[in-house]
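In: structure, please.
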Amino acid sequence: DCPDASRAAGLELPAVVTLQVAAFAQQLTVYESDVGFAADQAAQGLSFASRSFIPSGLIAPSGEPIVPPESHALFTGHVAETGERRNAVTGEPFWWALVDTVGGTFDVVIDPELLTAPIRPGNVVSGWFWLSGRLDEPASRPGGWLRNLLGRRDR
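Out: Modelled structure (predicted):
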């Protein structure tokens, strides 16, 4: 989902953009480390990497496309930063975590009721998330590999 989608109006594609994506945890499992995650995977007969991303809102378990697509993902990632926060409007507490996974780094918002212990840097999180994003920088048209290497882009 993109609450300020109008910022992308008139965007010529292809384009290179920076996005800020918030992932709101719907279901969450926290592991002490990637070793704990790997042990749990082995016990279940699974072999997902500790950094993985599945756009679950695009394809149903049966393999059929979801129409219209939903902004949900299953992902697993490593917690880089974390902290307790308060909602500025309601005053209710929540946890924030910066999570590194395939495709980027996500701001994860976690209801404290989903946690059995405080989340810490170095933990691995795995779960189902609702995604909401916004353009963080003005778009630019992608250049060739040499132009990108030298840091020059047509705007």
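
In: ranges for the helices of this protein?
Out: 34-44, 145-149 (DSSP state H).

In: mean pLDDT lowest for which of those helices?
Out: Note on these: helix 145-149 shows the lowest mean pLDDT, a mean of 49.

In: poorly predicted segments of the chain, please.
Out: Within the chain, the stretches with pLDDT under 70 are 2, 4, 137-155.

In: please enumerate the strands of it.
Out: For the chain, the strands defined by DSSP state E cover 19-31, 52-54, 72-86, 93-101, 104-110, 124-135.

In: nearest to Leu13, out of these?
Out: strand 124-135 (13.3 Å; CB to CB). Placement of C-beta: from N, CA and C, glycine included.

In: by how many degrees do that closest one and strand 93-101 diverge?
Out: In terms of direction (axes from the mean of the first three to the mean of the last three CA atoms, to 10 degrees), strand 124-135 departs from strand 93-101 by 90 degrees.

In: which strands and helices sit next to strand 124-135?
Out: Packing contacts for strand 124-135, counted by 3 or more CB pairs under 8 Å, 6 or more residues apart in numbering; DSSP states H and E, involve strand 19-31, helix 34-44, strand 72-86, strand 104-110.

In: now mean neighbour count and distance to Pro55 too, for those, in CSV please.
Out: Shown next, in CSV, are those (neighbours: other CB atoms under 10 Å; distance: least, CB to CB, whole Å):
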stretch, mean neighbour count, distance to Pro55
strand 19-31, 17, 12
helix 34-44, 14, 20
strand 72-86, 17, 5
strand 104-110, 19, 13
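
In: any chance of the ones you listed in a markdown table with distance to Ile66 as columns?
Out: What follows is the helices and strands packed on strand 124-135, written out as a markdown table (distance: least, CB to CB, whole Å):
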| stretch | distance to Ile66 |
| --- | --- |
| strand 19-31 | 16 |
| helix 34-44 | 25 |
| strand 72-86 | 9 |
| strand 104-110 | 21 |
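
In: mind checking which of those is nearest Gly57?
Out: Of all the helices and strands packed on strand 124-135, strand 72-86 sits nearest to Gly57, with 3.7 Å by CB to CB.

In: show me what that closest one is packed up against.
Out: Short answer (3+ CB pairs under 8 Å, 6+ apart): strand 72-86 packs on strand 19-31, strand 52-54, strand 93-101, strand 104-110, strand 124-135.

In: I appreciate the help and will end here.
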